[in-house]
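Peer 1: Pasting a predicted model and its sequence here:
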Amino acid sequence: MALSKHAIEEIKALPQRFPEIRSAVVPALDIAQEELGYLTPEAMSEVASLLQVDPGYVEGVATFYTLFHLEPVGEHHFYVCTNLSCMLRGAEEICEHIRRRIGVSREREISADGRFSYEEVECLGACEFAPMMRYAHAYHYELTPEKIDALIEAARSARPASARAGVIDRPESQEAEQGHGR
């Protein structure tokens with residue numbers, strides 16, 4: 001089994017929240033990825049089994065959505081929007097700044113300490129606040145090098161999740177906002 005007992009229980013509770021079982025696949029994959037850091041073939045098979053859906057369907061969902069990862073990413077992963085509005089307002093410079101600050105040469109590369117990575121993504125739906133990114137389950141708007149530096153420094157000063165007995169690195173205010181704490 002790839003998933004913890006707690007994750008399994010969360011996934012098993014999902015079907016009653018949705019009118020169609022297939023609607024529970026995305027949140028189930030999110031639970032698995034949040035626990036493991038990325039989706040392994042074993043985790044996807046386990047999700048399929050727990051939800052009693054076709055494993056091919058689960059894999060199709062996982063490969064369709066860019067926020068699911070089939071390979072490891074850094075503990076702190078930045079999703080930087082590089083669509084037109086963000087690009088016109090400096091997304092390319094933001095990506096370059098992130099690469100320099102975390103010590104990588106390309107997107108999806110993991111920093112030497114294993115803590116950081118980033119990727120360029122299409123529209124995150126906040127064009128009026130460009131450039132922007134998604135990080136730590138939150139949107140960060142009107143990015144500047146100084147805002148990026150503050151996020152990276154805060155992440156560096158936090159204890160690694162691996163040293164916290166499986167606690168997911170999510171600000172407490174967002175846990176309360178989302179109504180759960182995994």
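Peer 2: Cool, got the structure.
Peer 1: Apart from its chain neighbours, what residue comes closest to the residue nearest the centre of the chain?
Peer 2: Residue closest to the mean C-alpha point of the chain, counted by Cα atoms, centre = their mean, is Leu67 at 5.9 Å. Distances taken as Cβ to Cβ, 6 or more residues apart in numbering place Tyr79 nearest to Leu67, at 7.0 Å, with adjacent residues excluded. (Each C-beta comes from the backbone N, C-alpha and C, glycine too.)
Peer 1: Just the CA trace of the one helix or strand the one you found maps to, in PDB.
Peer 2: For Tyr79, the host element (DSSP states H and E) is strand 76-81. Taking Å, rounded to 0.1, in the frame of the first residue of the first chain, the C-alpha atoms of strand 76-81 are listed here in PDB:
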ATOM      1  CA  HIS A  76       8.000  23.700  -2.100                       C
ATOM      2  CA  HIS A  77       6.700  23.800  -5.700                       C
ATOM      3  CA  PHE A  78       5.900  27.100  -7.400                       C
ATOM      4  CA  TYR A  79       3.400  27.100 -10.300                       C
ATOM      5  CA  VAL A  80       4.100  30.300 -12.200                       C
ATOM      6  CA  CYS A  81       1.600  31.500 -14.800                       C
END
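Peer 1: From the rest of the structure, what touches it?
Peer 2: Contacting residues not belonging to strand 76-81 are listed as 67, 69, 86, 91, 94-95, 98, 115-124, 126, 130-136, 151-152, 155, 169 [Cβ atoms under 8 Å, 6 or more residues apart in numbering].
Peer 1: mind running it again at 6 Å?
Peer 2: Strand 76-81 has contacts (Cβ atoms under 6 Å, 6 or more residues apart in numbering) with 95, 98, 115-118, 120-121, 124, 132-135, 155.
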